[in-house]
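Asks: What shape does this take:
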Amino acid sequence: MKQDPKRELKKLVCFLGKPLMAMEEKVEKVLWRSNLERLKKQEVNQQGVHSWLGIEYKFYFRNGGVGDWENNVTQAMKERLDQTIAMKFEGFGLDFGHE
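Replies: Residues are numbered from 1 along each chain as shown. Predicted structure coming up:
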């Protein structure tokens with residue numbers, strides 16, 4: 001997704017069975033709206049706290065780099081997440097490339 005977001009978004013749109021008419025303009029709009037740097041800079045995302053979770057909005061956005069999750073997730077958290085994903089997707093024949 002990071003290497004070619006436009007191509008990947010188009011593949012997603014096709015997978016979801018959406019019409020391709022005027023798609024180029026819509027793809028550009030979606031990419032602009034979902035741009036992490038733009039979202040991070042919005043005031044609403046820099047101040048305030050989520051009413052139910054008590055988490056500051058600014059923490060919803062990290063670096064956004066590929067592999068950056070490793071700087072924010074402990075080994076125990078990774079293992080728990082791997083187990084949960086394996087359990088939820090059991091029987092679908094998916095291979096996530098790790099044990």
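
Asks: what's the helix or strand for Gly93?
Replies: Assigned by DSSP states H and E, Gly93 belongs to neither a helix nor a strand.

Asks: Check the burial of it by counting its neighbours.
Replies: With neighbours defined by other Cβ atoms under 10 Å, the count for Gly93 comes to 6. All C-beta atoms are positioned from the backbone trio N, CA, C, and that covers glycine.

Asks: cool, Met23 as well?
Replies: For Met23, the count of nearby residues is 15 (other Cβ under 10 Å).

Asks: same thing with Asn63?
Replies: Asn63, neighbours per other Cβ under 10 Å, totals 12.

Asks: go on, Pro5?
Replies: 14.

Asks: Let me see the contact set for the residue nearest to it when sequence neighbours are not counted.
Replies: Distances taken as Cβ to Cβ, 6 or more residues apart in numbering place Leu31 nearest to Pro5, at 5.7 Å, with adjacent residues excluded. Counting by Cβ atoms under 8 Å, 6 or more residues apart in numbering, Leu31 touches Pro5, Lys6, Leu9.
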